[in-house]
Each structure stands twice: as C-alpha cells, then as structure tokens.
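Colleague: coords please:
(one chain, ligands or ions: 1)
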Amino acid sequence: MTLDLHELSLAAVDDAADALDLDPWLRELLHRPERSLAVQVPYVGDDGSIRVVPGYRIAHSTARGPAKGGTRFHPDVTGEEVAGLATLMSIKTAVMNLPLGGGKGGVSVDPKQLSEQELESLTRSYARAIAANIGPDLDVPAPDVNTSERHMDWIADEYGRITGASSPAVVTGKSLAAGGSHGRDTATAAGCRAVILASLERLGLPADARVVIQGFGNAGSHLARLLAADGLRVVAVSDSRGAVHDPAGLDVAAVAATKAATGSVADHDADTLTEDELFALDCDVLVPAALEGAVDGERAASIRARLIVEAANGPLTPAADAVLADRTVTVVPDVLASAGGVTVSCYEWQQNLRGERWPAPKVAEKLESRMAAALHDTWRVAEDRGVGLRAAAMVLGVERIVEAIERREARDEADDIAS
Ligand code: GLU
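Modeller: Alright, predicted model coming up:
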C-alpha cells in the first residue's frame, strides 16, 4: 500500500491531542494499542502441504466498548498497518457515537491465489489463533479488504466449537442464516449515500448533482445504484481495469450488468477515460471508493468537484489534503463517510446479544439518522474550531474516547476509595 497508515493515524491523533491540549499520558495511551496479538497461521494447501503465514488482531481502545473492526487478507498486511487501522477504527466508532472501541485484524496472504478449501482452512486456523483475544464483550471482528460474510461465518463457527456455545455476537458481517443483519452488505454504500445527501443540502448543491465514483466494488457499485435512484447523475465510474463516462448520467444498472458479464465496467458502451481523467472530470461530487492512497497531491490539484466523500479508508494522501485545503473543496473524511459498515455491524451485534432480528427498514432508518447526526456533530466542531471536516472528526473522536477513559479512571478511583 502506498500510504503509511500507522504514521497517518499517529499524526491524526497528535493533531487532535494538540487541539484538545491533552495530558501527555493520554496522548501516550492513544499512540499505542491496548492489546496486540501477532500469531502464526498454519493452513492446509490443496497439495496437502502445510503453509504458515503471519496474522494479527489488535485492539486499539476498549474505553467506549468492545474493540470493533474488520479483518483484511492482503499480502501487504503488517502489524504496524493493522495497528494504524485499529486506531482509525477507535476514532470511527467514536465519531459515530457507537458503544464500541476500535480494533483491526489481518493476515499477510494473497487470498486470490487460494482455493475455497485453502481459504476456509486459513480462516478457521486464524480464528483458532485469535480466539482467546476476541469475544462479544472483548473484540468483535468483521469483514474488510478481501473478506466477506463467508469468512465471518467460518470464524463464528470455529469460535463456537472452541467455546462450546454458539455466540454469533463474536463477529459481525455474517450471512443472514448465521445471524447477520439485514442491510449489512450494503451498509457502507447506504451510510455514504446518507452523508452525501445531507452534505448536498448543507452546501446548497443541486439534488440532481453530478457524481463520479472511483471503484465499483461493494461500496462503489451499491452507492452508484442508490444515488441514481435518488435522482443524482452518476456521470462516471471506474474499476481497476478502466473508467466510463456519460455527462448525461450513466445507466447504472446496465454498467453493473456489464461488469457482471465481462468483469469490468470499462466494457460498458460509453466513452472511456483514464483514471487521471476520471479524477479531473467536471462534477459536483467525487467519491473515491477503492483502495487507500488513490489521490495524491498531483491528482488533487486537478480535481474540479465541490464535494469529496471518502467511501474507502484513507483514499486521500496528506499531500492531497494540503492541496485541497487551499481551495473551496469540502472533504467528508473516511472515519465518517465510510462508517456505515461498522454502524450496521453495531446493530448486528446488538441484535445478536438481544436475540432479535430487526426488519430491513428499521436498520435503514437507524443508519440514516445516525449518519446525519454524526455529519452534523462533525460540521459543528469544524465551524466552532475553524478547521476542515477531517480535523474536526479527529477532534470529536479523540475527545469522546478521552471522556470514556477519564470516566473509567474516575470509576477505578471510586472503587479504590470504597474498598
Ligand atoms: N471494515 C469496516 C471498516 O473499516 C467495517 C468494520 C466493522 O464492521 O466492524 O469500517
């Protein structure tokens, strides 16, 4: 990955700590994860050989509730990267005001090289290796890059075998049959949509705004569909193989059908673009929904959108942020714009703990109002402090985590006096 997410998360914590004039001990506490586990993950290859890869599960903070965050399978995964992502999850859950902390996990492996059986062997082995560190009240994994509901079902099943009891609340993002929630699969897109609609209103942009979406995976493809249904014009979309453009608005369903048939949106019958041209298009809203580091300083300088909404984790480099800060471009940061997934994960966890299943409209309504509330909270901090939305979200998140740490300290002191 092109971005050092660990460095980035430390810098974000430092900036927020400066803004809040935090005591040095609190800054120290936020700099390092509460609990960090590095494991070896042996799994069986189809040729019968046993292979071993490194894995991690890191709980950055449990001050506000159990650690929460995804699990990525990627050859570039390192302990440092997972620690950085865990830190950003603590901030994300706090910005969303969820009763959760932040964590992340990962395995350094290229899952695209593995068969279904190999993936299952790997995922179950990983679950066994981290089993003592996860649990409904401790740390609750979820999907992330290259993992999905089938991986979560395997982890839940393996955890159940180890503990001898079925505890679906140990992971979220499960299939509906295994205790998943309605709306979890489209939650990132639905959360992002809510943020876009509320931001358009705040900025006085037209309801039929022109949108460019980079990335047509889980987040990007569902988002394109939702926004088109809302009457916005999705004028360009891309995937790793190319981009297509129609200034009058693409037929999103047709683009999705092409992608399903050929593997790429680039085969859709419309003008094609390079990725650089995509970012430089004349539009109102730009949504980077692919991998981190997609927009560097140079690309940022070419952007003509009025609003950028980060559906991916870390798509703008600090250099891009600096370029955009000098212009009147509003950037809704990842810790807010991509938080729909973890928000519905929280609802899934709550449903599992209470033995409930909420209907899809209830999940959708709760998600939409929580996203709008988090956007308005962040906007208020930005206006009060005269900073951008990213800095504001970091301050808001860190402030909420620190309040929880201080509450915990106060409780411990009271217990000491009482005993
Ligand atoms: N991986 C997602 C994220 O980065 C979701 C995490 C979760 O649902 O716990 O926010």
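Colleague: Where do the helices of the stretch 301-419 of the chain begin and end?
Modeller: With DSSP state H, counting those that start in this stretch applied, the stretch 301-419 of the chain shows helices at 318-325, 334-337, 340-354, 360-385, 389-418, listed in chain order.
Colleague: Can you name the residue of the stretch 101-250 of the chain nearest the ligand?
Modeller: For the stretch 101-250 of the chain and the ligand, the shortest gap (CB to the nearest ligand atom) falls at Ala142, measuring 3.2 Å. (Each C-beta comes from the backbone N, C-alpha and C, glycine too.)
Colleague: Show me the beta-bridge partners of that residue.
Modeller: Gly70 (DSSP bridges).
Colleague: pretty sure it contacts Thr343?
Modeller: No - here Ala142 lies out of contact with Thr343, judged by CB atoms under 8 Å, at a distance of 11.3 Å.
Colleague: What is the neighbour count of Asp282?
Modeller: Other residues near Asp282 come to 10 when the count uses other CB atoms under 10 Å.
Colleague: What residues does it make contact with?
Modeller: In this structure, Asp282 makes contact with 210, 304, judged by CB atoms under 8 Å, 6 or more residues apart in numbering.
Colleague: one more time with 7 Å, if that's ok
Modeller: Remark: with contacts taken as CB atoms under 7 Å, 6 or more residues apart in numbering, Asp282 is in contact with Arg304.
Colleague: mind checking which helix or strand it is in?
Modeller: Using DSSP states H and E, Asp282 falls within no helix or strand.
Colleague: what do you get for the one 5 residues further on?
Modeller: If you go by DSSP H and E, Val287 is part of strand 285-288.
Colleague: Roughly how far does the most centrally placed residue in the chain sit from Thr188?
Modeller: Residue closest to the mean C-alpha point of the chain, counted by CA atoms, centre = their mean, is Ser338 at 4.8 Å. Ser338 is 6 Å from Thr188, where distance means CB to CB, to the nearest Å.
Colleague: what touches both of those two?
Modeller: Common contacts of Ser338 and Thr188 (CB under 7 Å, 6+ apart): Ala311.
Colleague: Would you check that Asp153 makes contact with Ala178?
Modeller: Yes - Asp153 is within contact range of Ala178, at 4.5 Å (criterion: CB atoms under 7 Å).
Colleague: circling back: let me know how buried the nearest residue to the residue nearest to the centre of the chain once chain neighbours are set aside is, in neighbour terms.
Modeller: Counting by CB to CB, 6 or more residues apart in numbering, Ala311 is the residue found nearest to Ser338 once chain neighbours are left out, at 5.5 Å. Each residue near Ala311 was counted by other CB under 10 Å, and the total is 30.
Colleague: Likewise for the one 5 residues further on?
Modeller: By other CB under 10 Å, 28 other residues sit near Leu316.
Colleague: if we can go back for a sec, of all the helices of the stretch 301-419 of the chain, which one is nearest the ligand?
Modeller: With distances scored as CB to the nearest ligand atom, the stretch of these nearest to the ligand is helix 340-354 (3.2 Å).
Colleague: what about His376, how many residues close to it?
Modeller: Burial of His376 is recorded as 12 neighbouring residues (other CB under 10 Å).
Colleague: er, Glu413 actually
Modeller: Neighbour count for Glu413, taken as other CB under 10 Å: 10.
Colleague: repeat for Thr163
Modeller: The criterion is other CB under 10 Å. On that basis, Thr163 has 12 neighbouring residues.
Colleague: how much space is there between it and Asp157?
Modeller: As it turns out, when the distance is counted by CB to CB, Thr163 lies 11 Å from Asp157.
Colleague: pLDDT at Met1, what is it?
Modeller: If you check Met1, the pLDDT there is 44.
Colleague: where does Gly55 land in three-state SS?
Modeller: Under the three-state scheme (DSSP: H, G, I helix; E, B strand; the rest coil), Gly55 adopts strand.
Colleague: does it have beta-bridge partners, and which?
Modeller: For Gly55, the residues forming beta bridges with it (DSSP bridges) are Val39, Val107.
Colleague: Those residues of the stretch 51-200 of the chain touching the ligand, which are they?
Modeller: Taking CB under 6 Å from any ligand atom as the criterion, the stretch 51-200 of the chain approaches the ligand at residues 68-70, 92, 142, 144, 172-173.
Colleague: Which two of those have the greatest separation?
Modeller: For those, with distances taken as CB to CB, the pair at the greatest spread is Lys92 and Gly173 (15.2 Å).
Colleague: rewinding a little: contact partners for the residue nearest to Ser338?
Modeller: Taking CB under 7 Å, 6+ apart as the criterion, Ala311 is in contact with 188, 192, 219-220, 223, 287-289, 337-338.
Colleague: show me what contacts His151?
Modeller: Contacts for His151 (CB under 7 Å, 6+ apart) come out as 123, 143.
Colleague: Of the helices of the stretch 301-419 of the chain, which stretch is the most buried?
Modeller: Mean neighbours per residue, mean count of other CB atoms under 10 Å, is largest over these for helix 334-337, with a mean of 28.
Colleague: helices and strands around that helix, which ones?
Modeller: When contacts are defined as 3 or more CB pairs under 7 Å, 6 or more residues apart in numbering; DSSP states H and E, helix 334-337 sits against helix 79-95, helix 187-203, helix 360-385, helix 389-418.
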